[in-house]
Structures are given as C-alpha cells and as structure tokens.
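Student: Okay, here's the prediction I keep looking at, along with the sequence it came from:
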Amino acid sequence: MNSVQARLVGYSEGRDLIQKGSVDDLNRLVTDAIKYLTMVYEEPQGTPVTDGYMVTLRISVELNQWRHEQQQAGRILPRKGHGLQRTTPEVIKLLRAQSWPEPLLTSNALFGSGWANLLIGAYDAPTLYSNYCLDMGFYYEHGYAKAFPQFEAVVRYASHDNRALRTPGGPERREATNIGLRYIQGKVRLETQHLAELTNKSARMDRRTAQVMCFAEGSLTGMACEAIVRGFDPAGVMADMVFSSPGTDVIDVGSDIGNSEVMNSFLNTADITKTGIVTEEALRHVYDAYSYTCARMLTERWHEPTSRMSAQLYVWHIHNGRHFFLRRAVLGYSKARKTIPDQREADFDEVFDESFHTTGFSRPLRHACNGRGMCNMVEQLIAGSSAPGRLAKLWSYLATGPLEYVAAGVVDEGREEELGTTLHIHLAQAYMLGLIEAMTWLICHASQHAWQVNFMMEAAMFGSFLDDGALIGKLDRVDSVGP
C-alpha cells in the first residue's frame, strides 16, 4: 500500500536523501547514521583537529562572562531531570488510562510520544494505544529500560501486535521502528563506552550528513514510515523528522557542552565547529536558521502527522520532569530578542550551505500572524469554535501565561508547576471533548510563537548556559531504578 499525495514544493535535498521513503530507504538512512556515529565515537585519540570528526568546544569570553555574572547572582539552572514523574491523577482519569503500564503514565512519555499519537490518530483505538507503546522506544535514550521493569515488554508487545499488524501501514511502521531502535540502542552503547572522552566535544559534519543524523536522532522512524505509506510526501516527512532534532536540542545547547552529548544539532553546525568557540552571534544565526525551517511545517502543514509530532515538542518541553523549560526560559529571557516579529521561512538546504554553515537566507512567511500575544489567527480560530471559552483558556496556558511568567524574570517553582500541570489538564479535557483539530492548530501556532514571535525558545537556549554543571562528564539519563 502506498497512496499518493500531491508533491510539496521545496525540500530538494531532503527529497534526494529519503527517496521514496520505503522501509529500505529508511534502513539505508539509519545504517548511514550508525556508520557515521561509530566513526565519530571510535575516532582514534590524537587525531589532528583539522582532520577529525570530534571538535573541542569552549564558550566565548563574553558569553562565559554573562554566565558567571548570572550564576553569581544565584540564577542557576538545576541539573536535567530523569523525566520519570507520573502525570496527575486528573489527567489519568480524563484519559481513562488507569490500567496503562507505568512507563506510559509519566508526563515525559504521555505528553511526548503519547500526545503526538493522540493528535495524529490511528486506524482504531487499540491501534492508537499500540502505536504509543511502540513509540516508547524513543525513551531508551532516557534510561526507561532501566527505570521501569515492564518497559521492554511494552515495546515488545507493540512490535508484535497482530491487530495493529493488519492495519494499513501497521507492518511497515513496526519494521521501521525496529530499524530506528538500532540507532538509539547503538548510540547508548557508544556513549557508555566512550563517556570519558566526550566532555566539551561536538561532532563535525556536512549538511547532508546533518540531515541523515537529525533524522535518526528523531528516534521515531516508524511514525515517519507510516505517514509515507499513507500517502504523505516523503520530503515533507523528512523535513519534519529532521527538525525534531533542533526542536529538542535548542533548549539543551549550554547543558550539552558538558553533558557528553556530541550530537546537538546547534553545536554540530560549521558556525560552531569551524572555530570551536560558542559565541552568542553564532548561536543566533543557527537559531534563526532552524526557526525558518519549521515555519511552513507549523503554519501551512500543521495537519500532517509528522508536523504534529514536531509541534508537540514545545508542549513536551514545558512540563516533562526533564528539561525545566520555563526555568530555562526565565533565566535566559534577558538574552532573548524583544524585536517586532518578522516571521520568515526557508528549507534546510537553503539556510545552510554544503559545509553546514548558515547562509542567512530566508523569505517572508506567507501565513504569518500579526505577532500579538492573542494574535489575529488565534482570535479567528477561537471565534469560529463551538467552545471558545475552553480554547481561549488553552491558549493562555500554551502561550500567554508562560510568556507572562518568563518575561517577569522571577523564578517561581510553584508557578512553573501550576502552568505545566494545568496545561496538561486542559489538553486532556480538550481531547476528550473532541476538540482535536483546534487543539492541534493551537499547539502548532504556540510553537511558531515560541520560535519566531515571543522567542521563548531562544530564551530557553540561553538559559541552558546557566546549567549547574552537575552532569559534567556524565550522561543525562537514569542509570538505575531510583533517583
């Protein structure tokens, strides 16, 4: 089965990389990613800097001075969490998920791959649940296999689910998921083996390699495969999956320098690896480039499966027991731009040259809003809804409420918790009321605001440089059951 959708404009190099998006094509991409990953981690010690894959990083004098001043003032980012906290009883009750296995009920999982699947939908309810279990493979990199005894059984059940295997795209999704797991599990092994060599390191790569690596790093190869089988343009799917890496990495840039992560898509760019110096100017250039690559996805293609997955990253960041997004944003807000929004877009192979250096290219975004907190497009959606009050409240917890907290500049752990847990409750209520399309659009538009309107993603990026250093020389995942 492979129905045909209209071919999207653009995404030229991504189209060349993914080809038809068959299982064989995805296997080729993941195999290439594993080969490159292995060369990076197993590079001989003493390889000349100009010839090697690994680059040693240091923070610029100016950025380091800002970090020192902020931390001296007590503005310090706590170490990244493990993301093991259970979601609220109210959310579990709303979703009727009381019988679900424990790994599926963490806020990290439920409002990550779980919510992405709920926004996308499936052939039927049992298949939707099975797909969520299948995509739990993403959390191997978070150490879930060690934290939850039933984790492996959950993923194994979904991989061999006979009912789901009989649905359109079901067999291909499960085969492609197993392909993607090769990359995740291989990376975990290599990181563990070479941990002592990874602090302050980043991998050097060209633009084509970057797209292959970002695709594999997205860790949801099965979701991508099913979307293609169901007729969505492989090039668009490739673009969405590639963006999911910077969409995750943006709030970890400062932390990842010391946390043994050599595959941060911001730190892999030639803007950084050419000199090894992480400057504010280079980070802004890279940030803008990535923000342009997601703009069409969030405003024109929001209805497509993998677009919904990538948009959900913003919601995931807000309250997943791992990233402390609001803390990062409030700590870094002084560095974020306060300019009048100028929303723009471009493809990956336009914003980066062949060496993976930013070009500065972009064009005006066709479907840009007016850039207000409650913008004209949000007002229009809410006014035409059957539940305007509920959607207005949801928007306040997706966008205006978080921005008000962040812009105030004062850390309030209780307010962060309230914003996160209440957002989850409003999302669950909207889902159970069938407001799925309106909710999806609002999530996509809130993500667009975070990247190009209120710059909360940029604030969180700079806030990540105030990391307390507790994970320097370590891996940011749980190694065993317990804290």
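Tutor: Now that the structure is in, tell me what you want to look at.
Student: got any ranges where the protein has weak pLDDT?
Tutor: Within the chain, the segments meeting pLDDT under 70 span 1-6, 46, 49-50, 479-483.
Student: switch the cut-off to 90
Tutor: Along the chain, segments meeting pLDDT under 90 span 1-9, 43-52, 80, 141, 196-197, 258-260, 470-483.
Student: Show me which positions of stretch 467-477 end up buried.
Tutor: 467, 471, 475, 476, 477 (16 or more other Cβ atoms under 10 Å). The C-beta positions use only the backbone N, C-alpha and C, and glycine is treated the same way.
Student: tell me the contacts of residue 245?
Tutor: Contact analysis of residue 245 by Cβ atoms under 8 Å, 6 or more residues apart in numbering lists 213, 214, 217, 218, 265.
Student: The second one should be in a helix, yeah?
Tutor: So the one you mean is residue 214. Yes: the assignment for residue 214 by DSSP: H, G, I helix; E, B strand; the rest coil puts it in a helix.
Student: Once you drop chain neighbours, what's closest to it?
Tutor: Sequence neighbours aside, residue 245 is the residue nearest to residue 214 in space, at 3.8 Å (criterion: Cβ to Cβ, 6 or more residues apart in numbering).
Student: Tell me the spacing between that neighbour and residue 252.
Tutor: 11 Å (Cβ to Cβ, to the nearest Å).
Student: swap in residue 268?
Tutor: For residue 268, the distance to residue 252 - Cβ to Cβ - is 13 Å.
Student: just residue 81 next, same as before
Tutor: With Cβ to Cβ as the criterion, residue 81 and residue 252 are 13 Å apart.
Student: before we move on, the earlier item: from the buried residues of stretch 467-477, which is closest to residue 323?
Tutor: Ranked by distance to residue 323 (Cβ to Cβ), those are led by residue 476 at 9.9 Å.
Student: what about that closest one, which helix or strand?
Tutor: Residue 476 belongs to no helix or strand when assigned by DSSP states H and E.
Student: and residue 375, what does it touch?
Tutor: 369, 445, 449, 453 are the contacts of residue 375 under Cβ under 8 Å, 6+ apart.
Student: Over to it: give its phi and psi.
Tutor: phi -80, psi 170 (degrees, to the nearest 10).
Student: quick one on the thing from earlier: as TSV, the contacts of residue 375 with neighbour count, secondary structure and distance to residue 400 would be great.
Tutor: Formatted as TSV, these follow (neighbours: other Cβ atoms under 10 Å; DSSP: H, G, I helix; E, B strand; the rest coil; distance: Cβ to Cβ, whole Å):
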residue	neighbour count	secondary structure	distance to residue 400
369	20	coil	14
445	24	helix	12
449	29	helix	9
453	23	helix	11
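Student: Pull the most distant pair out of those residues.
Tutor: Farthest apart among these by Cβ to Cβ are 445 and 453. That separation is 9.2 Å.
Student: Need the residues touching each of the two.
Tutor: With Cβ under 8 Å, 6+ apart, residue 445 and residue 453 have common neighbours 369, 375.
Student: So what touches whichever strand or helix holds residue 116?
Tutor: Element membership of residue 116 [criterion: DSSP H and E] is helix 115-120. Residues from elsewhere that reach helix 115-120 (Cβ under 8 Å, 6+ apart): 128, 131-132, 135, 220, 223, 305, 308-309, 312, 315-316, 427, 431, 436, 439-440, 443.
Student: between residue 81 and residue 252, who's got more neighbours?
Tutor: residue 252 (24 against 16; other Cβ atoms under 10 Å).
Student: That one belongs to a helix, doesn't it?
Tutor: Yes: Residue 252 sits within a helix when classified using three-state DSSP.
Student: Confirm for me that it is in contact with residue 263.
Tutor: No: Residue 252 is beyond contact range of residue 263, at 10.7 Å (criterion: Cβ atoms under 8 Å).
Student: distance between the strand or helix carrying the residue nearest to residue 214 and the chain's centre?
Tutor: Here residue 245 sits within helix 234-249, counting by DSSP H and E. Put simply, helix 234-249 sits 9 Å off its chain's centre (Cα atoms, centre = their mean, to the nearest Å).
Student: How about the backbone phi and psi for residue 145?
Tutor: Dihedral angles (degrees, to the nearest 10) for residue 145: phi -60, psi -30.
Student: meant to ask about residue 106, not that
Tutor: phi -70, psi 150.
Student: measure the residue nearest to residue 295 when sequence neighbours are not counted to residue 292 for me?
Tutor: Nearest residue to residue 295, sequence neighbours excluded (Cβ to Cβ, 6+ apart): residue 345, at 3.8 Å. Distance check for residue 345 against residue 292: by Cβ to Cβ, it reads 5 Å.
Student: Please identify every residue contacting each of these two.
Tutor: residue 362.
Student: list the buried ones in the helix or strand harbouring residue 395?
Tutor: Under the criterion of DSSP H and E, residue 395 resides in helix 388-395. Residues of helix 388-395 classed as buried: 390, 391, 392, 393, 394, 395 (neighbour count, 16+ other Cβ under 10 Å).
Student: between whichever strand or helix holds residue 317 and helix 234-249, how big is the angle?
Tutor: Element membership for residue 317, per DSSP H and E: helix 305-318. Angle, helix 305-318 to helix 234-249, by axes from the mean of the first three to the mean of the last three Cα atoms, to 10 degrees: 10 degrees.
Student: Run through the neighbouring helices and strands of helix 305-318.
Tutor: Judged by 3 or more Cβ pairs under 8 Å, 6 or more residues apart in numbering; DSSP states H and E, helix 305-318 is in contact with helix 115-120, helix 221-229, helix 234-249, helix 280-299, helix 325-332, helix 413-432, helix 436-448.
Student: Buried residues in the helix or strand just after the first one, which are they?
Tutor: To tie it back to what came earlier, the one meant is helix 115-120. Note on helix 115-120: by DSSP H and E, the next helix or strand toward the C-terminus is helix 125-135. Neighbour-count burial for helix 125-135 flags 127, 128, 129, 130, 131, 132, 133, 134, 135 (criterion: 16+ other Cβ under 10 Å).
Student: Could you report the distance from the nearest residue in space to the second one that is not next to it in sequence to residue 428?
Tutor: Residue nearest to residue 128 in three dimensions, not counting chain neighbours: residue 122, with 3.8 Å by Cβ to Cβ, 6+ apart. Computed with Cβ to Cβ, the distance linking residue 122 and residue 428 is 18 Å.
Student: of these two, who's got more company?
Tutor: Higher neighbour count among residue 122 and residue 428: residue 428, with 23 against 20, using other Cβ under 10 Å.
Student: correct me, but that one touches residue 91?
Tutor: Yes: the criterion here is Cβ under 8 Å, and residue 428 meets it with residue 91 at 4.8 Å.
Student: from the buried residues of helix 125-135, which is closest to residue 460?
Tutor: residue 135 (24.3 Å).
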